[in-house]
Every structure is written in structure tokens, then in C-alpha cells.
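A.B. asks: this is a predicted model, with the sequence first.
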Amino acid sequence: MKIALKICTFLAGAIVPFSAVAQSCVADLPGGRRVESERYVLSYRTKPEKVAISQHFAVEMAVCPKGGEPAPESVRVDGFMPDHNHGMNYRAVIKPAGDGRYEAAGLMFHMPGKWDFIFEVRAAGKTDRMTATVMLQ
Amino acid sequence: MTNDGSVTGSHRSRLSRLAVLAVALYLPWQGEAQNPGEFLLDFSEAELRMILQHGPWPPPVSRDPSNRVSGNAGAIAFGEKLFFESRLSAKGSISCGTCHVPERGWSDGRKLGVGLVEVDRNTPTVQNVRTHRWFGWDGSSDNLWSQSIRPLLDTREMGMTERQVAETVRSDADLACRYEKAFGARPPADDAAVLVAVGKALAAFQETLVSGRTPFDDFRDALANGNHKAAARYPQDAQKGLRIFAGKGNCSLCHFGPNFTHGEFHEIGIPVFKKAGGVDWGRYEGIKRLRANRFNLLGPFNDDPARADGMSTRHVALVPQTFEQFKVPTLRNVALTAPYMHNGHLATLADVVRHYSEIDPTLLHMAHMYFDPLVPEAVPTDTLLKPLNLSSIEISYVVAFLMTLTDTETGKPRKPLPACR
């Protein structure tokens, strides 16, 4: 997990403008938040929109490969509290929903504070990791 | 700030209200002589937010969808009768109420509970259990009726069999009458059905054991309403303790929400060796027992066909970090339920606060010591708990705050139940 966190990831728009390839991605989620790695652009949104502390929530994801990159073979999402060095007490179960979309159920952020969403996209023997930070109060 | 990192209109408005509240509460008191016995700390916006999330109290009442008699008056009365019924133990000597004593905050004042023999854990209160997601120190039950069945059948606690429980209810006119009032039919010949019904009636009764309002609740509501004069009547030492609790103590992170628990589990450096030998693995064993429990929310006895409340049981993770974790208990009426921790290791509230103040982080990683081959290198260890290094006066402040979580209703004599007709 620590290694995963150290791998260079960044929020879309924070460093690199959204690429031309990503703009053609049909799996962009309205109202979602975007992260990207070298090979993928991932849009996600939570259900409900506002995550409540110690309550289950779901995550809807849309994953688009950048130009020439392979389609995802699997997608994973997890949660981690970097200030406490622990993750969730629950494992999300992810189901493909077609058209590059995935639905994850069963997540829970059980404490207030800073949480990282950790997304993993696996394809062609490589794993891309992306993080997005949220503050729960 | 929202949890997607942005500030929306509604949240900006909420923040503004908090800021206004902070100013409204504090400014009038600056440069103004406060009356003797009235004192109000200048709580920051962040402190106010943390304080306000501990209410309001009591919480809204909701039925348990897994229990068809949740909230049913007949079932509540049947459950109360069963709760204090010693014929539900193998020797006819012990009832639920033997360990969950109303006058002792529905606990027993002992270090370790005593059923037919002494057990390995401290008796937790059964107040405010309707708000829980997990039950027992290890969370081996995911619902209150299952948790109520467990001690009946445990050979160390009440030592009954399924058949004996069912026969006791079927053969006693008053119990059978109450069963019919609750469930609409006489107790059936199916022992398992009667046992589960007994659990559900016990649960219906325990759901009603909601602690009363406390001095803290009055203070919290006064803050929420901007009534600084009423808020200033809250004891000065308690306010200082609350500031530590919600601030540098980080206590509110786990003792979160109106019931002062987020309902999950942590390892906090309490010794886990059992008196009779061996180690209490806490949540790790609890999850395994939960999954093997035929009365869990994924099983056939859940009255909710949608199994909507089974989400946590479906997704809970059995991982090495759960070794030696125990449930974060409620702090409401905590002053009535000494001694503390899963094994009653700490005698007083001051001992508890001192434990966190002087905590040795090396004690938090016992999973690595005992199960090194099973624990991958990358398994994280919780770094939340660090010594707080509180002074003795600060410890007394936190204790003063905890004392204000005590209501005045708990332990009052209960009216005898009328005979069932």
C-alpha cells in the first residue's frame, strides 16, 4: 500500500491538461471527478454524492485508455488514511457495467479526516495507480 | 469543504453559519464580566464542528428491518420479561439482567463478566444498542437478535440448548402468552423458530434502552442554538476536557457521533492475554465467527427479504490488521460502567485517559510479533495513537468532561410488568 502511494500519481488538471484522447472518451461521468495516469483517464463519482462518515457508499467509475493503450482488464478501488496509515475495514466489490464503466459497492470511510481513494487499473501485465484525496468532516 | 475537495454553495453556507456561530458565542463574552459560575471557552470553528456532531440526542427512532417485531409493544414487554428470566440459564440462576444490571449502567461493575463461569471479557452496556452496526467486543454479531441468542447458548454464560430455550417458553403460560402477543401465534414446535423469536423479542426490548439527556447534550444544544448564556453554565473543567477530547486528544475521531462511537474497531495497546491462557484475537476471530454464524444478516432468519442491512457483513475484510482490535465503545454513561476496556484492564476513567496519554506505540504492533509469516511487509500499522503527554490537570479535565456524559434516568426502578392475559 505504501509503495502504491509513493508511485507518482496526480490529479487530472493539476499538472497536465486533459489530453485530446481523454476528451474523446465516452465514459466521462457527469459531475464526476477525474484522475489520470500515464495510460488511463478515470472519472469517478460516489453514491450518495456526499460521503457520510462510517456509512457505506458506492463508487461509479469510467475508465478510458489514452491513445493506443489497451483496454483495462480489471479495475480496483480502495480507501486509505495517509495520516493514520490504515485503510478501510471493508472490501469493495466491483462489477463492470459496460462501456468502460464499473460500479464498486461496499466502501466505508469510518473516521473523519483525510482519505485517499486509490484506483488501480490493470492491463497488459502492468498496473496504473491513481489517487484522489477527500476530506471528511 | 466537501468530500470531493471542493467547496459547494451549501457547504460554504454551512461553514459560514459555523463561523457566525463561533463569533456569536465568543464575542459577546470578550470584555464582559461573566457571572460567577458561568464560563465559556472560545471554541474554534473546527472545535465547534467536532462538538456539534456529538448530537443531537436522543437519536431518531428507527425500526430494525431484520426484526419483524422491532418496535412492537408486545414484543418489547416479552423481551423485558425474558431479559430478567433466570429460567433461561442451565442452572436457573442467571438472566441477561444478572450481568446487564440497570443500576450499573446495564453492565456489572466487574472486571470480567461472570455467567456460569467467569468469561474472558468485560460486560459491555446494552444501552443505545439500536445504533450499533456490530455487537460484542469483537463484532461477531451483525444484529441485536443474534447477539441476544449468543449468551443463551454459550456454555460459559447461560448454557442452554435450543431445545431448552424453546421448551421453557412453550411450557410456561405467561411466557407462551407473551409470545403470542408479540408474534401473533402460540410458540411453534420448531425449536429454532422459538429461539430466534426469543432473540428478536430480547432485541426489541433492548432497543428501548436509550440513555437520557446529559449535561453535555444541554451544552451542545446551547452551542447549536447560539445560546451562550445557557452554554456558559456547563462546567469549566468539562469544557477544557472537551477541548482536549475533540482537539489534540483526537478522541472524537473514533468516539465519533451522537453515541460517541463510529462503531468500528481499533487496537489500542491493551494486553490481550487471557486469564485462562492464550490470546484474545478480538476482531479477527470475531469476523470468522460472524461468517460462520447461522443467525447473521445474510442468513435465513433475517426478516428483511432484501437483506439491505447485510452490506457490512458482505464486505467486511478479514485481514491481519484486525488482530487484537476491539470495538470502540459508546461513552454515554461511561462513568457508570467501570472498569474499562475489553478485559476490564483499566479501573477508572483517569486510568483510561492516562493510558492514552502514555501509550506505548510499540504495543500496537503485536500482530507482527505473533504472526510474522502471515503479515506481508506492506501491511500498514496504525499511526493514529501517539502519547498525548497530558498533565495530571489535563487528565482531570478530560475525566470531568466524560462525567458530563452521564444521564439521571439510568438505573431508576422499572415498573413491574402486568401479567399477560
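C.D. replies: That came through, no problem.

A.B. asks: how about the contacts made by the closest residue to residue B:115 other than its chain neighbours?
C.D. replies: Counting by CB to CB, 6 or more residues apart in numbering or on different chains, the nearest residue to residue B:115 once its immediate chain neighbours are dropped is residue B:157, at 3.4 Å. For the C-beta atoms, the positions are set from N, CA and C on the backbone; glycine is no exception. When contacts are counted by CB atoms under 8 Å, 6 or more residues apart in numbering or on different chains, residue B:157 touches B:89, B:94, B:113, B:115-116, B:119, B:151.

A.B. asks: just those: which are in helices?
C.D. replies: Among these, the ones falling in helices (DSSP state H) are residue B:151.

A.B. asks: is the residue nearest to residue B:115 in a helix, a strand, or coil?
C.D. replies: Secondary structure state of residue B:157, per DSSP: H, G, I helix; E, B strand; the rest coil, is coil.

A.B. asks: count the residues that sit near residue 82.
C.D. replies: The chain I'm using is chain A. Neighbours of residue A:82 under the rule other CB atoms under 10 Å in any protein chain shown: 17.

A.B. asks: not what I meant, chain B
C.D. replies: 26.

A.B. asks: same check on residue B:197?
C.D. replies: Residue B:197 has 26 neighbours, counted by other CB under 10 Å.

A.B. asks: what of the one 3 residues further on?
C.D. replies: Here the number of neighbours of residue B:200 (other CB under 10 Å) works out to 30.

A.B. asks: what do you get for residue B:184?
C.D. replies: 11.

A.B. asks: now do residue B:127
C.D. replies: 25.

A.B. asks: helix, strand, or coil at it?
C.D. replies: Criterion first, three-state DSSP; result for residue B:127: coil.

A.B. asks: just give me the closest of the contacts of residue B:157 to residue B:362.
C.D. replies: Among the contacts of residue B:157, residue B:119 lies closest to residue B:362 (CB to CB), at 28.9 Å.

A.B. asks: circling back to that earlier point, out of the contacts of residue B:157, which is nearest to residue A:48?
C.D. replies: Nearest member of the contacts of residue B:157 to residue A:48, counting by CB to CB, is residue B:151, at 36.9 Å.

A.B. asks: what's near enough to touch the closest one?
C.D. replies: B:96, B:115, B:157-158.

A.B. asks: for residue B:152, same thing?
C.D. replies: B:88, B:158, B:160, B:165, B:195, B:198-199.

A.B. asks: got a quick ChimeraX command for the buried subset of those residues?
C.D. replies: Here is the ChimeraX command that selects the buried residues among those (16 or more other CB atoms under 10 Å in any protein chain shown):
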select /B:88,158,160,165,195,198,199
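
A.B. asks: distance to chain A, secondary structure and pLDDT for the contacts of residue B:152 - can I get that in TSV?
C.D. replies: As requested, the contacts of residue B:152 are exported to TSV (distance: CB to the nearest CB, whole Å; DSSP: H, G, I helix; E, B strand; the rest coil; pLDDT from 0 to 100):
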residue	distance to chain A	secondary structure	pLDDT
B:88	33	helix	98
B:158	30	coil	98
B:160	33	coil	98
B:165	33	helix	98
B:195	30	helix	98
B:198	30	helix	98
B:199	25	helix	98
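
A.B. asks: can you put the contacts of residue B:152 in TSV and add distance to residue B:350?
C.D. replies: Converted to TSV, the contacts of residue B:152 look like this (distance: CB to CB, whole Å):
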residue	distance to residue B:350
B:88	37
B:158	34
B:160	39
B:165	42
B:195	43
B:198	40
B:199	38
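
A.B. asks: just the contacts of residue B:152 now: which is nearest residue A:88?
C.D. replies: Residue A:88 lies nearest to residue B:199 out of the contacts of residue B:152, by CB to CB, at 29.8 Å.

A.B. asks: hang on, isn't that closest one packed against residue B:153?
C.D. replies: No. Residue B:199 sits out of contact with residue B:153 when judged by CB atoms under 8 Å, with a separation of 10.1 Å.

A.B. asks: check the secondary structure at the residue lying farthest from the centre of chain A for me.
C.D. replies: Computed with CA atoms, centre = their mean, the residue of chain A farthest from its C-alpha average is residue A:68, at 21.1 Å. Following three-state DSSP, residue A:68 is assigned to coil.

A.B. asks: who in the stretch 51-200 of chain B is up against chain A?
C.D. replies: Counting by CB under 8 Å from any CB of the partner chain, the residues of the stretch 51-200 of chain B close to chain A are residue B:133.

A.B. asks: my read is residue A:64 is in a strand, agree?
C.D. replies: Yes. Using three-state DSSP, the assignment for residue A:64 is a strand.

A.B. asks: tell me what it is bridged to.
C.D. replies: With DSSP bridges applied, residue A:64 shows beta-bridge pairing to residue A:41.

A.B. asks: that one reaches residue A:101, doesn't it?
C.D. replies: No. At 10.2 Å, residue A:64 and residue A:101 do not qualify as touching, with contact defined as CB under 8 Å.

A.B. asks: these two: who's more crowded?
C.D. replies: Neighbours were counted for residue A:64 and for residue A:101 using other CB under 10 Å; residue A:64 has more, 25 against 17.

A.B. asks: just say helix, strand or coil for whatever residue of chain A ends up closest to chain B.
C.D. replies: As assessed by CB to the nearest CB, chain B sits closest to residue A:106 within chain A, at 3.2 Å. Three-state call for residue A:106 (three-state DSSP): strand.

A.B. asks: just the element for the one residue sitting closest to the centre of chain A, please.
C.D. replies: By CA atoms, centre = their mean, chain A has its centre lying nearest to residue A:119, at 3.7 Å. Secondary structure from DSSP states H and E places residue A:119 in strand A:113-123.

A.B. asks: give the buried residues for that strand.
C.D. replies: By 16+ other CB under 10 Å, the buried positions in strand A:113-123 come out as A:113, A:115-121, A:123.

A.B. asks: so is that strand next to chain B?
C.D. replies: Yes. Strand A:113-123 reaches chain B (CB under 8 Å from any CB) through A:113, A:115.

A.B. asks: for that strand, name the packing helices and strands.
C.D. replies: If you count contacts as 3 or more CB pairs under 8 Å, 6 or more residues apart in numbering or on different chains; DSSP states H and E, strand A:113-123 packs onto helix A:2-6, strand A:40-47, strand A:56-65, strand A:74-81, strand A:126-136.
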